[in-house]
Structure formats: C-alpha cells, structure tokens
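Visitor: pasting the structure only:
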C-alpha cells in the first residue's frame with residue numbers, strides 16, 4: 001500500500017502506463033472530452049478537488065517534457081494562468097486547437113475545478129538516469 005502521494009488506483013495505473021511522448025491532460029470540471037478518450041474523474045463537487053493541487057500531485061509522479069494550455073486562461077483565470085505560464089512554462093495555444101489536441105490524449109484527469117480554462121495538456125518525458 002502506498003504511504004504518500006497519489007492513492008487513486010486508476011490514476012496511478014494510467015500514469016505508470018505512460019511512455020515517452022504520450023500526452024495526457026488535467027482538466028477543470030467542464031472541459032469537453034471527445035468520445036473514446038478515457039476520463040479519470042476525480043471531481044466530488046464543484047471546486048473539489050481543485051486543479052492546482054491535482055496538477056501538483058500528478059507532477060510528483062511523472063516526468064513531463066512539455067505542457068500546453070489555452071491562451072484564454074490569461075484573461076479569465078489568473079491562478080491557473082500563473083501555474084501554466086510561470087511554474088510549468090506551458091505554451092498557450094488557441095482554445096479550439098487545445099480541445100482538438102485533447103482528442104489525441106491517452107487519458108484526461110477531470111478535477112472538480114469550477115473556474116474557466118483550468119486545463120493543461122502534458123507530454124510525458126523520460127526520467128533518464130545519470
């Protein structure tokens with residue numbers, strides 16, 4: 001049994017199954033996910049769990065080499081924008097293009113986040129050993 005970090009069995013299994021260049025997303029509660037893309041739904045109620053804490057837990061478990069978010073986040077959601085631009089160095093792209101890319105994800109982790117554009121698309125990296 002795990003003693004720290006993520007304890008959601010389905011999420012841990014999905015993260016362990018990632019390979020180099022696979023993409024996955026962490027989303028707010030309203031992101032439309034195309035049919036066929038698995039969704040790991042963590043949302044319990046609007047606002048819980050929040051986007052930022054889930055992203056932080058996920059990043060503690062997986063190596064990421066790139067991130068993308070919607071350009072609309074800058075004006076609509078300062079907290080998510082700070083995470084995306086300052087902490088993740090995410091490339092901000094057109095929201096319609098962001099949604100198209102979601103269709104190619106291995107999976108989406110849906111949070112209970114109830115603020116707009118709190119979404120990030122990640123590309124898995126490799127934890128090369130020295």
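Guide: Yes, it's here. Remember, predicted model here, so these are calculated numbers, not experimental data.
Visitor: quick one: the residue positioned nearest the centre of the chain from residue 130, how far?
Guide: Geometric centre of the chain, nearest residue: residue 26, 2.1 Å, by C-alpha atoms, centre = their mean. Using C-beta to C-beta, to the nearest Å, residue 26 is found at 29 Å from residue 130. The C-beta positions use only the backbone N, C-alpha and C, and glycine is treated the same way.
Visitor: helices along this protein, start to end?
Guide: Assigned by DSSP state H, the chain shows helices spanning 9-16, 51-59, 73-76, 78-82, 95-102.
Visitor: okay, those, which one's buried deepest?
Guide: helix 51-59 (a mean of 19; mean count of other C-beta atoms under 10 Å).
Visitor: please tell me how far stretch 72-83 is from the chain's geometric centre.
Guide: 15 Å (C-alpha atoms, centre = their mean, to the nearest Å).
Visitor: what mean pLDDT does it have?
Guide: Average pLDDT, stretch 72-83: 94.
Visitor: stretch 6-20 too?
Guide: pLDDT averaged over stretch 6-20 gives 97.
Visitor: then stretch 91-106?
Guide: Averaged across stretch 91-106, the pLDDT comes to 97.
Visitor: re earlier: now do the same contact list for the residue nearest to the centre of the chain.
Guide: If you count contacts by C-beta atoms under 8 Å, 6 or more residues apart in numbering, residue 26 has them with 51, 54, 55, 58, 108, 109, 111, 119, 120, 122.
Visitor: could you identify the most distant pair in these?
Guide: 111 and 122 (14.1 Å; C-beta to C-beta).
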